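Student: The following block contains a protein sequence and its predicted model.
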Amino acid sequence: MDAQIENAIEIAWNPASDQALKSQAFEFLNQLRTDPQAWQVCTALFTRKARASEVVRLVCLEIINNAVHSQAVDVASLGFLKQSLLDYVRRIYSGEAQEPVDPPHLQNKLTQTLTYLFVFLYKEGWESFIDDFLALAQKDNNIPGVVMYLRILGSIHDEIADVMLSRPDNEAKRNNDLKDLVRERDMRKIAQSWKDLLARYSNQVDAVVESTLKIIGKWVSWIDIHLVINGDMLNLLLPLVGRTNAAGGEDKVRDAAVGTFTEIVAKKMKASDKIDMISFLNLREIVTQLLASPPLHEWKGTPRYDTDLAEGVAKLVNTTVADIIRVLEDSKVDNDTRAKAEQLLRDFLPSQLRLFSDEFDEVCSTVIPSLTDLLTFLRKVGPLPSTYTEMLLPILNAIVLKMRYDETSNWGNEDEQTDEAEFQDLRKKLQILQKSVASVDENLCVEFLSNLVANMFSTLEQQGSQMDWRDLDLALHEIYLFGELALPNMGLAQKSQPNTIAAERLAVMMSKMVESGIASYPHPAIVLQYMEICTRYYSFFEDQQRYIPQVLENFVRLVHHDHVRVRSRSWYLFLRFVKTLRAQVGNVAKTVIESISDLLPIKAEVPGNDADDDMSSDESDHSADALFNSQLFLYEAIGCISSTSATPPADQALYARSAMEPLFADMSVHMERAKAGDAQAVLQIHHIIMALGTLANGFAETTVGQQTKRPQPHEAVANEFSRASEAILVALNQLNASDDIRTACRSAFSRLLSVLGAAVLPQLPQWIEGLLSRSSSKDEMAMFLRLLEQVVYNFKGEIYNILDLLLTPLLERVFSGLSEPISGTDDEIQLQELRREYVSFVQVILINDLGGVLVSASNQGVFESLVSSIINIAKTLSHGNLVPSRIAFNVLGRMATQWGGPDVATIGDNPVTAAAPAPAIPGFDRFMIDQFHGLCWTVLQDPGFRPNTDAQSRQILNEIARIQQVIYSKTGDQFVRHLQGVTFPQLGIDGTEYLRLLTTSTERKPVVTWLLGLLKGRR
């Protein structure tokens, strides 16, 4: 069988094997995993002297592991397996073998197998486990035996003591028992073996020393600390921590030794013991000497600087400081221990800040958690004693300086985008730390940052453009963040009132910034920060309007900046600035529009096949599409500054015309090519339509903070945008087959509504014809219906005649969409959306007293189909259709109210039917009883209708109760006779109580409750 297994494995892992053979081989191996005898053959295959191939031996070990781990091997067989593998290990790893040792990946798999045997046999069956492998390590110069011993120790820890893994309760208990047994039986000899290995191989075999240190670091978390913290062990560890490498290369042994100290410090223990241990280890001195060593001091700022060592020391400091703070936060700690902890905190702060200030961000980030803990602790202390107050200034200084770009950065360099993104991410973390300092001592932050900014402006005044842009950027960044101190509800703690002093300082900073001429500084990062700050603190310019012309002039110049990142971002910031200050900038609208007119021409570029689909549309994206999206900000900005209340309507119309005329001309130039299918021309027209819509959006925007409804646009402005609407309709008619064109037109239509006013009404039939074409998807129909709801709401009575004209063709398009077959989830979702928007549209018509249009002479031909479609939607209770169903029931209830005639029955304690039904539409009384009432009971009998457990179904039930009450009000005794003679007999129920509630309860709740009880009793 061994030959068969070997052959199957070779075939399965041979890329050149026939696929059919391969499948058979894998099938055989899968069966082998469940064969209770297979592990024996695999053991023989793995241990035989005439070695099989590596892949065969690896798969054999995998099959053995599976058998042992799944406990498919009995105790006697485990003993046999133990002896076979131990004999093999002694043969190969004794240091005397003629055969080569296994490659690392096979050693790992063998170690896993042996660890499983340890788990099941160490308690009973292989008590000498540690001794057997330790014996190999104790042989002179037996490096393979040492490596195997250390691998075993590492694997044992990972299996029974790794706290990062979640384990079932039974395994956790088993592992705890094994740890207790190891501590009792073998821990002292294991700890002694570590000392022996460090003593024997230090400065000889670094790989052994490094592995030993890592094993100590792993095991120290669950063994007696005194086995590691003793004179003999420290005498071995300390030289390794302090050893130097003259060549200046990495020293894995030294890094591992630092890591071992980190794990020792991280061991859980009582607060007093932890502080005593930190003092006993003299960690402050160790850290100080490491930071003063050549790799971290002399070679700082050079390629020889050892970042791995710096990160290792940072981890040690971070762990130590975090533990010290944890002791200080413990209210039960005695005064002596607290005093020692406070002294240690002061001792470690310089080292912590040195590492925090490291030029390599990964080193800085390593100590951020402990610095965060420290600031959190200080915030909780309350009134700070001087010992703690003294810490804040150096911490704040370090945080602020770390926010500065380092000397090697080249802002805006395409090759350094990743570094830039990582630095901005670090800045966000530093911002949180700065907020934490402010939450401890806000006045300190205000004074420190005010001085920093003031010094910057002073230096700028002296040096001008020669000043280092990095210093200037740092100061501007702090101005940008300063508002979180100065303004309400922007800081770490929510404040309802601003900080008066900080607000005054911010106003001074803003004045200095605007007056300094910093907007003309040659570095792009500085002018970009300038625009960001002006936009963020627009409220400053509302109070200091004298600065607006100067800043606006700077914006107009900077939107023409040579740097693409500045230019594209500035277009967005320009829009933000003029939108928030539109009331103050309207008087210079003509000048501004003329100044940026050269940026308005649109040049669409069809993306190539190699375009990066993952490219984001943020400031790092300089594609033609991203450029156009930024151009739209300029069109909206023109709309904003052209349409202020201070601008005469004639001038508003003139500004709109000046922006749109070039677009109309460009559209005419490209139309013929677009009709011929030219992709670039189609995209150009798409862009033009989007620009027209965005311009309209700018005109439609209300002033920031204005809550009242915007008045109807002036006729002169509406006329100009009516021309735009006509031009877009021409494009829509000519290029209707293009999804992109229809999407752009729909977007433009929604934005034109606010600026066209009633002028949109005569054009509605053309919009419907274009946007609800035969090629329109259900999704497009749903979105357009949503827009029509807005039109109906805005114009109400004015729209009646237009709606009467267009309703039939509109509904026919919708009926077509509703009846299309669906394939797949996306189609199902789109159909649900179309159903919802369709019934919502009919609901809006009825709510706004336009129901007459549904039964007018022009639309009588589709009325029956209309009602039928709504009934179908109402009774469709599939997942995702409950909302459309509820709206459909509401629509039917409104129809019953509107066309059912006057109320002929009175609901109350003495219900009376005063007259015969007199529906507004002849025969509608019988139609309500047969169709609407019948629908209600069809839904009530649907097994999927569960109002007792589903909130949306409960809402539908509420609408059903309403319809039942409306039908009774409109038909009286006729409805009662139908219930008694038809409905109740068909259902086989006694409806006496239902009739009583229906005719006497003015509220719906009793009817709903009875129906709920009926459904609960029948299911």
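Tutor: Yep, it's here. Residues are numbered from 1 along each chain as shown.
Student: where are the low-confidence patches of the stretch 851-1000 of the chain?
Tutor: Within the stretch 851-1000 of the chain, not a single segment meets pLDDT under 70.
Student: just the strands in it please.
Tutor: Listed in chain order, the strands found in the stretch 851-1000 of the chain under DSSP state E, counting those that start in this stretch are 905-906, 912-913.
Student: Reformat those as JSON lines; add distance to L460.
Tutor: Where C-beta positions appear, they are placed from N, C-alpha and C, glycine not excepted. As requested, the strands of the stretch 851-1000 of the chain are exported to JSON lines (distance: least, C-beta to C-beta, whole Å):
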{"stretch": "strand 905-906", "distance to L460": "85"}
{"stretch": "strand 912-913", "distance to L460": "90"}
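Student: Among the ones you listed, show me which one is buried the most.
Tutor: Most buried of the strands of the stretch 851-1000 of the chain, by mean neighbour count (mean count of other C-beta atoms under 10 Å): strand 905-906, with a mean of 19.
Student: Neighbouring strands of that one in the sheet, and parallel or not?
Tutor: Sheet pairing of strand 905-906 (DSSP bridges) gives strand 912-913 (antiparallel).
Student: Now tell me what touches the partner strand from outside.
Tutor: Strand 912-913 has contacts (C-beta atoms under 8 Å, 6 or more residues apart in numbering) with V904, A905, T906, G972, D973.
Student: Let's see that with 10 Å instead.
Tutor: Outside strand 912-913, the residues within contact range by C-beta atoms under 10 Å, 6 or more residues apart in numbering are 903-906, 968-969, 971-976, 999.
Student: can you redo those residues as JSON lines with distance to F889?
Tutor: Formatted as JSON lines, the contacts of strand 912-913 follow (distance: C-beta to C-beta, whole Å):
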{"residue": "D903", "distance to F889": "20"}
{"residue": "V904", "distance to F889": "23"}
{"residue": "A905", "distance to F889": "21"}
{"residue": "T906", "distance to F889": "24"}
{"residue": "Y968", "distance to F889": "16"}
{"residue": "S969", "distance to F889": "17"}
{"residue": "T971", "distance to F889": "18"}
{"residue": "G972", "distance to F889": "22"}
{"residue": "D973", "distance to F889": "25"}
{"residue": "Q974", "distance to F889": "22"}
{"residue": "F975", "distance to F889": "17"}
{"residue": "V976", "distance to F889": "22"}
{"residue": "T999", "distance to F889": "21"}
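Student: can you pull out the strands in the stretch 101-250 of the chain?
Tutor: So, for the stretch 101-250 of the chain - with DSSP E, counting those that start in this stretch - there are no strands.
Student: how about the helices of it, start to end?
Tutor: Remark: helices assigned in the stretch 101-250 of the chain by DSSP state H, counting those that start in this stretch are 104-121, 129-137, 143-160, 169-185, 187-201, 206-219, 231-242.
Student: what does the stretch 251-400 of the chain give?
Tutor: With DSSP H, counting those that start in this stretch as the criterion, the stretch 251-400 of the chain has helices spanning 252-266, 271-281, 283-292, 307-329, 335-356, 361-381, 386-402.
Student: Quick check: buried residues in stretch 394-403?
Tutor: Within stretch 394-403, the residues scored as buried using 16 or more other C-beta atoms under 10 Å are I395, L396, A398, I399, V400, K402, M403.
Student: Take the helices of the stretch 251-400 of the chain and lay them out in CSV including mean pLDDT and distance to E828.
Tutor: As requested, those are arranged in CSV below (pLDDT from 0 to 100; distance: least, C-beta to C-beta, whole Å):
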stretch, mean pLDDT, distance to E828
helix 252-266, 94, 54
helix 271-281, 93, 61
helix 283-292, 94, 63
helix 307-329, 95, 53
helix 335-356, 95, 55
helix 361-381, 94, 47
helix 386-402, 94, 53
